[in-house]
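Chemist: model this:
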Amino acid sequence: MKDDDARSPEPASGVTRRDFMKISGIGVAVPLLVGPTVVEAAGEEVAVQGPGKVPVQLTVNGKQLKAQLEPRVTLLDALRDNFNLTGAKRVCDRGVCGACTVLMDGKPVYACAVLAIDAQGAKITTIEGLAEGEALTPVMQAFINHDAQQCGFCTPGFIVATTHFLEQHPHPTAEDIRHGLSGNYCRCGTYTGIRAVALATSGEGRSS
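Modeler: Next up is the predicted model:
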């Protein structure tokens, strides 16, 4: 009992010994704070966003779209839930199936695998942005003509991917098409129709 009584009293600062230990533990686990919105990681200063909502501005189909989003929100969720652009579909949600394919700076990407906050500054094109007014593009019309869809859930992603593929390969072979569209899956198995679409709308048969 005398040993207990001989212990030094808690400091008058209001921080107990237990509090000090908790703070010390946090300091070991968290990168060194350089400022209120910057941390130092691997020798570089990295901006910190969140965890709450932050202003995000996206350029989608030629329009500037703004929203308050948490940094964890994907481009797919932002398009569908905040901007009512529901053409891109959520299927695997793992960046595998291609149903959420959009174009970012002219290149196809899986929207479920890109954070909306990281898409700022890029030019994003969704399937809604491919159509010219109410008219269907040649690729869209070819999907109808060749019965290249069943449930239709993968169709928007395939149309975006096919459109980009044909811009890069205007005269593809059947093998080129199989390889070029391999990043998109159709669970209904309409690959024969999709390949027919690519062949029918390639080269001279495809209008700009």
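
Chemist: for residue 55, which non-adjacent residue is spatially closest?
Modeler: Leaving aside its sequence neighbours, residue 55 sits nearest to residue 68 (CB to CB, 6 or more residues apart in numbering; 6.0 Å). The C-beta positions use only the backbone N, C-alpha and C, and glycine is treated the same way.

Chemist: just checking, what packs against whatever helix or strand the one you found lives in?
Modeler: Using DSSP states H and E, residue 68 falls within strand 63-69. With contacts defined as 3 or more CB pairs under 8 Å, 6 or more residues apart in numbering; DSSP states H and E, strand 63-69 has these neighbours: strand 54-60.

Chemist: relative to strand 63-69, how tilted is the strand it packs on?
Modeler: Counting by axes from the mean of the first three to the mean of the last three CA atoms, to 10 degrees, strand 54-60 points 150 degrees away from the direction of strand 63-69.

Chemist: next, the buried residues of strand 54-60.
Modeler: Buried residues in strand 54-60, counted by 16 or more other CB atoms under 10 Å: 56, 58-60.

Chemist: how about stretch 90-105?
Modeler: Buried residues in stretch 90-105, counted by 16+ other CB under 10 Å: 90-91, 95, 97-104.

Chemist: repeat for stretch 173-190
Modeler: The neighbour-count check on stretch 173-190 (16+ other CB under 10 Å) flags 177, 180-181, 183-186, 190 as buried.

Chemist: got a list of what the closest residue to residue 48 other than its chain neighbours touches?
Modeler: If the residues on either side of it in the chain are set aside, residue 48 comes closest to residue 37, at 5.2 Å by CB to CB, 6+ apart. Counting by CB atoms under 8 Å, 6 or more residues apart in numbering, residue 37 makes contact with 47-49.
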